[in-house]
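Undergrad: Would you be able to build a 3D model of this:
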Amino acid sequence: MKAVLPLLLLLPLAAHATLGGGADSIDTDGSRLHSARHAAEAGAAYATHTLELPTGTTVREFLNASGAVFAVSWSGPFPPDLRQLLGDSYYQQYHDTALARPGRHAVHLRQSGLMLDVGGHARHFSGRAWVPGLLPAGVSAAGLP
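TA: All right, here's what the predicted structure looks like:
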């Protein structure tokens, strides 16, 4: 048993599930993505948290009234760490879809539990992902920045 404990300490820490996670996952993202600025804006149906990454990429995370991250979006010269933003489960769905489409740069995923659009080219990447079941009433993903 004593030999197992040091080995467990060598394992990488699991990414916190941001998409679908709580407000505390935004703070985790800010720390792990080394964001320079963290701004929040509250609207009637949801709150938007903006992270400015050192790479110049802007990440927005959207919280519903229950405090769950229902969507994330990004835009900038470099793609963000999608495993961190999407969390392991959603990232795996994205990864599997991207692998199934070799040679394609844009990925569009439409599943009941995850919607995702990722695209871009050198020096301009953008994307967004959302969980349809967590969208606030009256909010359309098409209207999210």
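
Undergrad: Please enumerate the strands of this protein.
TA: Remark: strands assigned in the chain by DSSP state E are 37-42, 46-52, 58-64, 69-76, 107-110, 115-121, 124-130.

Undergrad: And Q111, how far from E61?
TA: In this view, Q111 and E61 are 20 Å apart by Cβ to Cβ, to the nearest Å. For every residue, glycine as well, the C-beta is placed using N, CA and C.

Undergrad: Count the residues that sit near A106.
TA: Neighbours of A106 under the rule other Cβ atoms under 10 Å: 12.

Undergrad: circling back to that earlier point, looking at Q111 and E61 now, which is surrounded by more residues?
TA: The neighbour comparison of Q111 against E61 (other Cβ under 10 Å) goes to E61, with 25 against 11.

Undergrad: residue nearest the centroid of this protein?
TA: Centroid-nearest residue in the chain, with Cα atoms, centre = their mean: L85, separated by 2.7 Å.

Undergrad: where are the low-confidence patches of the chain?
TA: Within the chain, the stretches with pLDDT under 70 are 1-17, 24-39, 103-104.

Undergrad: try 90
TA: 1-45, 49-52, 67, 84, 88-89, 96-107, 120-123, 142-145 (pLDDT under 90).

Undergrad: Pull the number of nearby residues for Y94.
TA: When neighbours are defined as other Cβ under 10 Å, Y94 has 20 of them.

Undergrad: Give me the distance between it and G138.
TA: Relative to G138, and taking Cβ to Cβ, Y94 is found at 27 Å.

Undergrad: Then L63?
TA: Distance from L63 to G138, by Cβ to Cβ: 16 Å.

Undergrad: biggest helix in this protein by residues?
TA: Counting residues, the longest helix found in the chain (DSSP state H) is helix 82-99.

Undergrad: Tell me the gap between that helix and the middle of its chain.
TA: 9 Å (Cα atoms, centre = their mean, to the nearest Å).

Undergrad: Then stretch 73-87?
TA: 6 Å.

Undergrad: Check which residues of stretch 50-68 are buried.
TA: Neighbour-count burial for stretch 50-68, counted by 16 or more other Cβ atoms under 10 Å, picks out 50-53, 57-64, 68.
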